[in-house]
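**Q** Okay, here's the prediction I keep looking at, along with the sequence it came from:
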Amino acid sequence: MQSTLDFSHYLRSTSEGLVHLDLAVDGINCAGCMAKIERSLAKIPDVTSARVNLTDRRLALEWKAGTIDPAMLIDRLAELGYKAYPFERESSETKEADRASSLLRRLGVAAFAAMNVMMLSVPVWSGNAGDMLPEQRDFFHWLSALIVLPAAAYSAQPFFSSAWSALRRRGVNMDVPISVGITLALAMSLFETATHAEHAYFDAAIMLIAFLLAGRYLDQNMRRKTRAFAGNLAALKAETATKFIDGEEIATVPVAAIQPGDIVLLRPGERSAVDGNVISGRSEIDQSLITGETLPKTVAAGSPVYAGTLVRTGVLRVRVSAASEETLLSEISRLLENALQSRSRYLRLAERASRLYAPVVHAAALLTMIGWLIAGASLHDSVITAIAVLIITCPCALGLAIPAVQTVASGSLFGSGVLLNSGDAIERLAEVDHVIFDKTGTLTLPELDVTNAAAVPADVFALAGRVALSSRHPVAAAVARAAKAAAPLAGFEEEPGQGVHGTLDGAEIKFGRPSFCDAEDKANEILSRDPEASVVAFRYGLSCHVFAVRQRLRPDAAAVVASLQRQGIGVEIVSGDREPAVRAAADSLGICEWRAEVTPVDKIARIEEITRWGSKVLMVGDGLNDAPALAAAYASMSPISATHMSQSVADAVFLGEQLAPVEAAVVLSRKARHLMRQNLWFAVIYNALAVPVAIAGLVTPLIAAAAMSGSSVLVILNALRARIRAKGAV
Amino acid sequence: MEVLVILVPLAIMLGGAGLAGFLWSLKNGQYDDLDGAAWRAIADDEPVESKKG
């Protein structure tokens, strides 16, 4: 399969006759991995460069054109224990990265200017008290102007352009007072310098710019990281499909190349990557990912098949109705696009506040100036006081209060395996006091597992696992996975719909349906005890064993449920699956509230019922049948294995085999909301104290800039607590 | 105070050199993988020479 995958889409030729390939690598998580991968790949002749990016979990490879088959490199990585997927940088990701590096460049320029101007300012400040000649002071001021004016013109552009575009739309944003403050401070300083005055404020202005840029860069860097991670996810999920090129000829192509109207072949064990209708063939399909129903369903010509469906027994030809671009990757990227753009309630509050803020601040500054003029102060002193008011009220603390916490909190959520889909998810998750779980694929793992492994001798189990590798049936795959089998046996053949057979050391081996292996008695015995299980039999010579295979609960599900209940959060199961299955899950997890065979409409009704009692519901589900409920709930989460539809409506997606991220999301969000409130209050109090002092004319613009920066730093430090606490908690 | 004629341009030049160095490192992609760079510094030994031929 893999060798037929066409890599040409991902390869890039460089000018020196080299070929460049970017791979998203699953499983890189430490420095050891980095060294291991780089060393072992660099050993391959003709590979000129192998460099791991530990931040983005990616590998950049270069080799001499025409010498190496990329599939070989992927195989080599697989031998090392890493799954690698070719990937293509999305344009949106490149844009975010460019923006981050442009901010960093501007920050560098502003910081350089600030440091050099400080060097000039310190002698002026100390010299003013002593014996500095006015000519020397003027010289230093002109020198500062020479450094600061070009540096500010360059590095403050993001604020200027954002303020300008807001003004053009006849709106006001936070960047307007910032831009006005910077421009006024610079113009005033220039005027002061030209008139040989004692004070100039170039240093204050450029430091203000540097601080603001630092905040923006941190925010941008977080976005860039999320974006890179999303890119990797897309690469990991990028599947291949078998497409009919003409009549009977087939080819394996990346799903991105499939168009609606194409005909694809689905073989047993394959998951459909497209939505479509069956043209010919007959098979049992497993739609548990879509409907939550664990019993297989039979499809024939004319039946619809959805992306995510697992084909179990027969071969199907499917005419594609919606290509993967519409169902999968684009959905994920659109999601993240929404996430980055949608603003949280507190953030919106902060933005509304700053929209109101700008006119108020400008009016206050103007009134201060007029007031001082009327009171008899000189024009010069009045303007200086007005600038101080403008700078000290610069809404940085207010503007940073929420985004800083959000950035840090989403970073720690990310570390706990939670990926936020919408910006306001944190605040909503924080308020949740009732959790509804779907069963299939949410409380249970999406993949099947052997339940009676202990009843089978270890050597038989290992052998059965190796035999099972020859089959593509999902139940066989579960046995192989449970036995941790890696080496398939040679000479085994699969009989479609029956099983695998072959010989080993003269004895016949059969693996498949109980009827195929003459093991119906044992199978019926297991089925009578556990009607939910799928059975598969293994006959080796005269000995015969039957494996029971079913979906397994997530390993930490019981602990997470108990911990949620301890925190006073109500937990219940609402599932579309049949009653015995749901009852069994609820019993083993210690959940007393459960509902089985619930239709999507009833799921919503249940959520509304709980909401009426005044509870805020967090819905955790993965199936297509959960999507409406996810949308209806106050907050929602989906596992990463969920259907694209569910992922797109959920507030957050969690990764991995564990259920712990659900708890982490609630706990961390609560902490983050607490810090957000603290920060907002801090900003409000700061302004309430500082503004009157500034209006009274007791603050020079320099002190104002220091106070403003100080408040921003305090707010950021407070936000960082979201991270420190998270480490202790999770 | 004549020393200023030398010192001031010298200081600005040094600062400018620092800035140039920063811009160069930025352009060179040295801020692309901060996590990795942190570990590379203390790796046991350098990965096998990556440029051959």
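**A** The structure has been received and is ready for your questions.
**Q** Just give the nearest non-adjacent residue to residue A:77, would you?
**A** residue A:84 (4.5 Å; C-beta to C-beta, 6 or more residues apart in numbering or on different chains). C-betas here are computed from N, CA, C, even on glycine.
**Q** Let me see the backbone angles for the one you found.
**A** Dihedral pair for residue A:84: phi -120, psi 140, per degrees, to the nearest 10.
**Q** List the contacts of it.
**A** A:23, A:24, A:25, A:26, A:59, A:73, A:74, A:77, A:78 (C-beta atoms under 8 Å, 6 or more residues apart in numbering or on different chains).
**Q** at 6 Å instead, please
**A** A:23, A:25, A:74, A:77 (C-beta atoms under 6 Å, 6 or more residues apart in numbering or on different chains).
**Q** what are the bridge partners for it, then?
**A** Residue A:84 has the following beta-bridge partners by DSSP bridges: residue A:25.
**Q** So residue 29, which state does it fall into?
**A** You didn't pick a chain, so chain A it is. coil (DSSP: H, G, I helix; E, B strand; the rest coil).
**Q** Hmm, no, I was thinking of chain B.
**A** On the basis of three-state DSSP, residue B:29 is classed as coil.
**Q** Any idea how many residues pack against it?
**A** Residue B:29 sits with 11 neighbouring residues when counted by other C-beta atoms under 10 Å in any protein chain shown.
**Q** how far away is it from chain A?
**A** 9 Å (C-beta to the nearest C-beta, to the nearest Å).
**Q** Next, the contact list for that residue, please.
**A** Residue B:29 touches nothing, counting by C-beta under 6 Å, 6+ apart.
**Q** Swap in 10 Å and give it another go.
**A** Remark: with contacts taken as C-beta atoms under 10 Å, 6 or more residues apart in numbering or on different chains, residue B:29 is in contact with A:51, A:53, A:101.
**Q** Sort out for me which of the residues you listed are in strands.
**A** The strands, defined by DSSP state E, take in A:51, A:53 from the contacts of residue B:29.
**Q** ok, back up a step: just the ones of the contacts of residue A:84 in helices?
**A** A:74, A:77 (DSSP state H).
**Q** Which of the contacts of residue A:84 ranks first by neighbour count?
**A** residue A:23 (26 neighbours).
**Q** My guess is it contacts residue A:62. True?
**A** No: Residue A:23 lies out of contact with residue A:62 (C-beta atoms under 10 Å); the separation is 11.9 Å.
**Q** Mind listing the shared neighbours of the two?
**A** Counting by C-beta under 10 Å, 6+ apart, the residues touching both residue A:23 and residue A:62 are residue A:50.
**Q** what's the offset of stretch A:636-652 from the middle of its chain?
**A** Distance of stretch A:636-652 from the chain centroid (C-alpha atoms, centre = their mean, to the nearest Å) equals 12 Å.
**Q** first vs last residue of it, how far apart are they?
**A** Stretch A:636-652 has an end-to-end distance of 7 Å (criterion: C-alpha to C-alpha, to the nearest Å).
**Q** Now do the buried residues in the strand or helix carrying residue A:276.
**A** For residue A:276, the host element (DSSP states H and E) is strand A:275-280. Residues of strand A:275-280 classed as buried by neighbour count (16 or more other C-beta atoms under 10 Å in any protein chain shown): A:275, A:276, A:278.
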